[in-house]
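Enquirer: Just the structure for this:
(one chain, ligands or ions: 1)
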Amino acid sequence: MMNNKNICKDGETLSEEFANFFLRETQNKPVFHVALSGGSTPKILFDLLAKEYATKFNWQTIHFWWGDERCVPPTDDESNYKMTKELLIDKIAIPPQNIHRILGENAPEKEAIRYAKEIEGIIPAKNGLPRFDLMLLGMGPDGHTASIFPNQIELIKAEPICAVATHPESGQKRVTLTGATINNSAEIAFLVTGANKAEKIQEIFNKEGDYKKYPAAHIKATDGKLSWYLDESAAGK
Ligand SMILES: O=C1O[C@H](COP(=O)(O)O)[C@@H](O)[C@H](O)[C@H]1O
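Expert: Numbering: from 1, shown residues only. Sure thing, here's the model as predicted:
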């Protein structure tokens, strides 16, 4: 299916470009399910959405989900939900029932099952799997995406909707959507910034080196559209 590459000057212009795309996608849709990413990259985007797009979106129709979460309470600084709440959720008129967070405080295995049931109960399926309207992804300097790390590449092909992953260095448990679920989305958008991602980006785009070991290289919209938003530093090689 279609792949798009957008190279933007910096994180600010990249966020603006993506925000406009996100706005267009949500317009005239009675319900829109978006899975958000965590980490550092979406912070500029969330801040921008809260400050300049708060009244442009019809938040009543938008449901926030997460592609992955660290297994920590929602008050922990490591929590992807906490970051989103502080930068975005608390500043826009989105109904509380539209927020579907991964309960990082729960036992990881049980939470992976519970979250999968919540997704299945609400998001319409296609190809036997839930189909998110939009899947927002980041990529770590090691080529991981969501919480699918190079040492657990099998989670790309795993069939259950959610899985438990372990951070390769810290040993922190994570709950993540699997590659099968991510790839079934109608739209997938990678937001990648920073020179420390440039080497992996170059290998993935040119299909060179160890690219097959990087989970991000295995994200392909099976029946939808994949877009990459890169800043000039990430695209530098
Ligand atoms: O751990 C995570 O990392 C990835 C990439 O994060 P970034 O800080 O390099 O932007 C992120 O997409 C994921 O949601 C997060 O939990």
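
Enquirer: Residues of the chain that sit close to the ligand?
Expert: Counting by C-beta under 6 Å from any ligand atom, the chain comes close to the ligand at 37-41, 67-68, 80, 137-140, 146-147. (C-beta placed from N, C-alpha, C; glycine too.)

Enquirer: let's see 5 Å
Expert: The chain has residues 37-41, 68, 138, 140 near the ligand, with proximity defined as C-beta under 5 Å from any ligand atom.

Enquirer: of all those residues, which comes closest to residue 169?
Expert: residue 140 (10.9 Å; C-beta to C-beta).

Enquirer: and that closest one, what pLDDT?
Expert: Note for residue 140: predicted pLDDT of 97.

Enquirer: coming back round to it: among the residues of the chain next to the ligand, which pair sits farthest apart?
Expert: Farthest-apart pair in those is 40 and 68; separation 14.0 Å (C-beta to C-beta).

Enquirer: where do the helices sit along the protein?
Expert: For the chain, the helices defined by DSSP state H occupy 11-26, 42-52, 80-87, 108-122, 179-183, 198-206.

Enquirer: Quickly compare these and say which is most buried.
Expert: Highest mean neighbour count of these: helix 179-183, a mean of 24 (counted as mean count of other C-beta atoms under 10 Å).

Enquirer: by contact count, what packs against it?
Expert: strand 129-130 (3 or more C-beta pairs under 8 Å, 6 or more residues apart in numbering; DSSP states H and E).

Enquirer: Pull the residues that contact the strand it packs on.
Expert: For strand 129-130, the external contacting residues (C-beta atoms under 8 Å, 6 or more residues apart in numbering) are 119-120, 123-124, 161, 180-181, 184.

Enquirer: go with 10 Å
Expert: 33, 35, 65, 116, 119-124, 159-161, 177-178, 180-185, 222 (C-beta atoms under 10 Å, 6 or more residues apart in numbering).

Enquirer: same check, this time on stretch 107-124
Expert: Contact partners of stretch 107-124, identified using C-beta under 10 Å, 6+ apart, comprise 31, 33, 35, 63, 65-66, 69, 71, 100-106, 125, 129-133, 160-166, 173-178, 181.
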